[in-house]
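okay, here's the prediction I keep looking at, along with the sequence it came from:
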Amino acid sequence: MDKMQQLIERTYPVLPVMVIKRLADAVPLATALAKGGIDVFEVTLRTACALDAIKAIKQDVPDALVGAGTVCSAEQLLQVQAAGADFAVSPGLTEQLAEAAVANNFILIPGVSTPSEVMRAQQYGFNLLKFFPAAQAGGVGMLKAFAGPFGNLKFCPTGGISEANAADYLALDNVVCVGGSWVCPNAMVEAGDWQGITDLAKATSQLG
């Protein structure tokens with residue numbers, strides 16, 4: 001099984017969006033999620049320790065698939081690849097970012113919100129796309145509309161998705177998983193409530 005197919009199969013039902021502010025939280029958070037049945041993560045590049053967090057998780061939770069989120073440039077893509085990330089997630093797509101991913105044979109899940117953006121991503125060979133920001137860009141209705149002209153593509157909707165509405169997205173045939181931070185809330189991370197996060201992950205694993 002190639003890495004993309006493995007990613008598609010293992011991300012269901014949720015891709016946790018992890019904002020790691022303290023490096024010391026990285027491995028305990030990943031371990032807590034894995035104990036709850038979720039072992040594919042997105043570590044956003046919104047914090048200074050994000051690259052080190054990716055390295056630490058890859059070293060100490062080796063069976064996990066670790067992605068880097070908020071990758072917005074070719075330079076960042078090369079940095080996360082060097083850090084050992086298995087894939088990258090971007091809020092959008094530029095020519096430079098697309099070409100860097102293709103040239104380096106690195107999995108990129110680019111962000112799209114319109115048909116034209118979907119077509120542009122498709123031209124570069126991307127078949128798993130981040131629908132972002134999902135709630136603001138039309139939500140479930142827009143993804144249903146995408147299914148007709150883009151029946152061969154799969155989506156990971158992110159933005160405005162919670163435990164309350166995740167199942168509505170997961171019911172769609174073209175949705176592989178949803179992205180969300182509710183499974184690893186900042187308050188629990190800051191408090192070191194790893195058991196609480198494991199319990200959330202277990203509950204989330206039953207969605208869909």
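Thanks, I have it.

in contact with residue 118, which residues?
Contacts for residue 118 (Cβ atoms under 8 Å, 6 or more residues apart in numbering) come out as 112, 129, 146, 150, 153. Where you see a C-beta, it was placed from the backbone N, CA and C, and this is true even at glycine.

quick one: the first one and residue 127 touch, right?
No. No contact is recorded between residue 112 and residue 127 when judged using Cβ atoms under 8 Å, the distance being 11.8 Å.

for the two, indicate the residue with more neighbours.
residue 112 (27 against 13; other Cβ atoms under 10 Å).

so what's that one bridging to?
On the basis of DSSP bridges, residue 112 is bridged to residue 131.

list the contacts for it?
92, 93, 118, 120, 121, 129, 130, 131, 132.

look up how far residue 84 lies from it.
According to Cβ to Cβ, to the nearest Å, residue 112 stands 27 Å off from residue 84.

and for residue 64?
On the measure of Cβ to Cβ, residue 64 and residue 84 end up 11 Å apart.

so these two - more neighbours on which side?
residue 64 (19 against 15).

you'd agree the more buried one is up against residue 43?
No. With contact defined as Cβ under 8 Å, residue 64 does not count as touching residue 43 (10.7 Å).

intersection of neighbour lists for these two?
By Cβ under 8 Å, 6+ apart, residue 64 and residue 43 have these common neighbours: residue 57.

got phi/psi on the residue nearest to residue 107 when sequence neighbours are not counted?
In this structure, residue 107 finds its nearest non-sequential neighbour in residue 87, 3.8 Å apart by Cβ to Cβ, 6 or more residues apart in numbering. When read as degrees, to the nearest 10, the backbone of residue 87 gives phi -160, psi 170.

ok so, going back, and which of the contacts of residue 112 is nearest to residue 28?
Distance to residue 28 across those (Cβ to Cβ) is lowest for residue 130, with 26.6 Å.

can you give me the strands for this protein?
All strands of the chain, identified by DSSP state E, fall at 14-18, 40-44, 65-69, 87-89, 108-109, 111-112, 128-131, 154-157, 178-180.

nearest to residue 204, of the ones you listed?
Using Cβ to Cβ, the nearest of these to residue 204 is strand 14-18, at 5.3 Å.

now what about that closest one, what contacts it?
By Cβ under 8 Å, 6+ apart, strand 14-18 touches 29-30, 33, 38, 40-44, 53, 67, 69, 89, 156, 158, 166, 177-181, 183-184, 201, 204, 207.

repeat that for stretch 38-54.
With Cβ under 8 Å, 6+ apart as the test, stretch 38-54 has contacts from 7, 10-11, 14-23, 26, 30, 33, 57, 61, 63-71, 76, 79-80, 83-85, 89, 179, 183, 201, 204-205.

could you list the buried residues of that stretch?
Under the neighbour-count criterion of 16 or more other Cβ atoms under 10 Å, stretch 38-54 has 38-45, 47, 49-51, 53-54 buried.

over to stretch 111-128?
Neighbour-count burial for stretch 111-128 [16+ other Cβ under 10 Å]: 111, 112, 113, 117, 118, 120, 121, 126, 128.

got any ranges where this structure has weak pLDDT?
Filtered on pLDDT under 70, the chain yields the residue ranges 1, 208.

quick one: end-to-end distance for stretch 80-99.
Terminal residues of stretch 80-99 lie 16 Å apart, using Cα to Cα, to the nearest Å.
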